[in-house]
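Novice: Sequence and predicted structure are below.
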Amino acid sequence: MNSYQLISKLRKVRDDTYLTTAAQALYHELVAICNDMKWKDVFFVRSNILCGNLDMSDNTLRKSRECLSNAGLIHFRSSKDKRIGCYYSFMKSISDDLLSSATSSATSSAISFATSSAKNEDDKNTSSAISSANIEDETQIPPIIDNINIKQEESLAHTHESTPPEKPKRSRKKEGDAKPLVYPFTSIAFMSAWTELVKTPK
């Protein structure tokens, strides 16, 4: 069967069987994955990949998978190996013979994927180590001395040294306190009133 026939089968089943939106999205995703795997009779997909691609929880994935299986659209069997996930088939129920052959191919592909991922990780670590070594070598190079900046700093320092120190500001209050006070009147009544007035805070 091809993808057109599988989608047509889904539309026919949908006429008299209720299928949720999540179940239909899962079916379309499985058809696309089977197409990528060259239409194998039994193919495998990890559940976390399906959940990530379809933006659904693992519980919703299980319910949708069960719904499609009850409608006769897919056949599936879970695997204990988390690298493989779950086996799927559109054509026939998954027998032990099909499962053993699919398991061997799935395990080999999972191992090759893990090996290539580890190799890529080693390559990344090597390249990062080389780049960090280059950065350390660059940091050991002495900085280039800029003659223009040195001359500007020297001229500023010379200007600062030649500037005379500023004179302290005069305080008129202190000068006024130092001068003797000239009274406008010298009578006893005025002087007694002036003495009382000076004692007040304002």
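Specialist: Cool, got the structure. Residues are numbered from 1 along each chain as shown.

Novice: distance of Ser187 from Ser47?
Specialist: According to Cβ to Cβ, to the nearest Å, Ser187 and Ser47 sit 111 Å apart. For every residue, glycine as well, the C-beta is placed using N, CA and C.

Novice: do the same with Val31
Specialist: The gap separating Val31 from Ser47 is 17 Å, by Cβ to Cβ.

Novice: likewise Leu68?
Specialist: Distance, Leu68 to Ser47, using Cβ to Cβ: 14 Å.

Novice: Those two: which is more packed in?
Specialist: Neighbour tally, Leu68 and Ser47, criterion other Cβ atoms under 10 Å: the higher count belongs to Leu68, 24 against 15.

Novice: so who does Ser64 touch?
Specialist: Neighbour list for Ser64: Thr20, Ala22, Ala23, Ala25, Leu26, Met56 [criterion: Cβ atoms under 8 Å, 6 or more residues apart in numbering].

Novice: And the helix or strand the second one falls within, what's buried?
Specialist: This means Ala22. Here Ala22 sits within helix 21-36, counting by DSSP states H and E. If you call a residue buried by 16 or more other Cβ atoms under 10 Å, then helix 21-36 has these buried ones: Ala22, Ala23, Gln24, Ala25, Leu26, Tyr27, Leu30, Val31, Ile33, Cys34.

Novice: looking at it, the fourth one is touching Asp55, isn't it?
Specialist: In other words, Ala25. No: using Cβ atoms under 8 Å, Ala25 is not in contact with Asp55, being 9.2 Å away.

Novice: Only alpha carbons, please: show the helix holding Ala22 as PDB.
Specialist: Once non-C-alpha atoms are left out, helix 21-36 reads as follows in PDB (Å, rounded to 0.1, in the frame of the first residue of the first chain):
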ATOM      1  CA  THR A  21      -8.000  14.500  16.200                       C
ATOM      2  CA  ALA A  22      -4.900  13.200  18.000                       C
ATOM      3  CA  ALA A  23      -5.500   9.700  16.600                       C
ATOM      4  CA  GLN A  24      -5.800  11.000  13.000                       C
ATOM      5  CA  ALA A  25      -2.600  13.200  13.500                       C
ATOM      6  CA  LEU A  26      -0.800  10.100  14.800                       C
ATOM      7  CA  TYR A  27      -2.000   8.100  11.800                       C
ATOM      8  CA  HIS A  28      -0.700  10.700   9.300                       C
ATOM      9  CA  GLU A  29       2.600  10.900  11.200                       C
ATOM     10  CA  LEU A  30       3.000   7.100  11.100                       C
ATOM     11  CA  VAL A  31       2.300   7.100   7.300                       C
ATOM     12  CA  ALA A  32       5.000   9.700   6.800                       C
ATOM     13  CA  ILE A  33       7.500   7.800   8.900                       C
ATOM     14  CA  CYS A  34       6.800   4.500   7.100                       C
ATOM     15  CA  ASN A  35       7.300   6.300   3.800                       C
ATOM     16  CA  ASP A  36      10.700   7.600   5.000                       C
END
